[in-house]
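> my questions are about this predicted structure, shown below with the sequence.
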Amino acid sequence: MKINEIKELTTQDLVERLEETVANLHTMRLNHAITPLENPSQIKLMRKDIARMKTVLRQRELNK
């Protein structure tokens, strides 16, 4: 997910998407521990998406 796409989302949508992504990351890590993923770099990309979402949320919080 690109930063422009994240900025276009409303705050509520962003919070929901963040919760979903974090849950998916935990599931993916658990699955990777049991049987290796075909593309383990997906975990890294998901972590970066989570960081981008948290950054945008924090920026919105500070700009109020």
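Arrived safely. Numbers count the residues shown, from 1 in each chain.

> could you report the neighbour count for Asp49?
20 (other CB atoms under 10 Å). Heads up, the C-betas are built off the backbone N, CA and C, glycines and all.

> ok, Leu25 next?
Using other CB under 10 Å, Leu25 is surrounded by 16 other residues.

> now it, what's its secondary structure?
When classified by DSSP: H, G, I helix; E, B strand; the rest coil, Leu25 comes out as helix.

> which ones are touching it?
By CB atoms under 8 Å, 6 or more residues apart in numbering, the contact list for Leu25 reads Ile43, Met46, Arg47, Ile50.

> how near is the closest residue in space to the second one that isn't next to it in sequence to Leu18?
For Met46, ignoring the flanking residues on the chain, the nearest one in space by CB to CB, 6 or more residues apart in numbering is Leu25 at 4.9 Å. Separation of Leu25 from Leu18 (CB to CB, to the nearest Å) stands at 11 Å.

> which residues do the two both contact?
What both Leu25 and Leu18 touch, as defined by CB under 8 Å, 6+ apart, is the set Ile50.
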